[in-house]
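Asker: Quick check, what structure comes out for this input:
(one chain, ligands or ions: 1)
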Amino acid sequence: MKIRKGDKVRIIKGKDRGRENTVEEVLPKKGKVLVSGLNIYKKAVRSKQQGQKGGTVEITRPLPVENVMLICPKCNKPTRVRYKVEEDKKRRICKKCQNLL
Ligand SMILES: [Zn+2]
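Answerer: Numbering: from 1, shown residues only. Next up is the predicted model:
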């Protein structure tokens, strides 16, 4: 996964396209990321007791990782991530400004 928890990302596809926030959770097996406060869906809930109204709850749904782009903290632009191997460590770098991410 090129995106990590705590990364700032921009959504490039779907209903929240253009919006930005921080990655709250990464789900590598599903290839998805959970971005706080984005991709929210309302789910109707039924009332548990008679006479009470049912309501809606808001659920943040994970997004496919292809739908987000990392925002480089240095150049502040959405960027594709590139890897660079240095001393046997894989490091992420910004394609635009070559900053280590
Ligand atoms: Zn950059």
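
Asker: Return the residues in contact with the residue nearest the centre of the chain.
Answerer: Most central in the chain under Cα atoms, centre = their mean is Val35, positioned 3.8 Å from the mean C-alpha point. Val35 makes contacts with 9, 11, 21-24, 60, 63, 68, as judged by Cβ atoms under 8 Å, 6 or more residues apart in numbering. Any C-beta I mention is one placed from the backbone N, CA and C, and that applies to glycine too.

Asker: let's go with 6 Å and repeat that
Answerer: Going by Cβ atoms under 6 Å, 6 or more residues apart in numbering, Val35 touches 21, 23.

Asker: do the same with Glu66
Answerer: No contacts exist for Glu66 under Cβ under 6 Å, 6+ apart.

Asker: if I've got this straight, it is in a helix?
Answerer: Yes - using DSSP: H, G, I helix; E, B strand; the rest coil, the secondary structure at Glu66 is a helix.

Asker: okay, Gln52: pLDDT?
Answerer: Per-residue confidence (pLDDT) for Gln52: 72.

Asker: Of all the residues in the lengthiest strand in the chain, which ones are buried?
Answerer: Longest strand in the chain, counting residues (DSSP state E): strand 20-27. Buried positions in strand 20-27, judged by neighbour count with 16 or more other Cβ atoms under 10 Å: 21, 23, 26.
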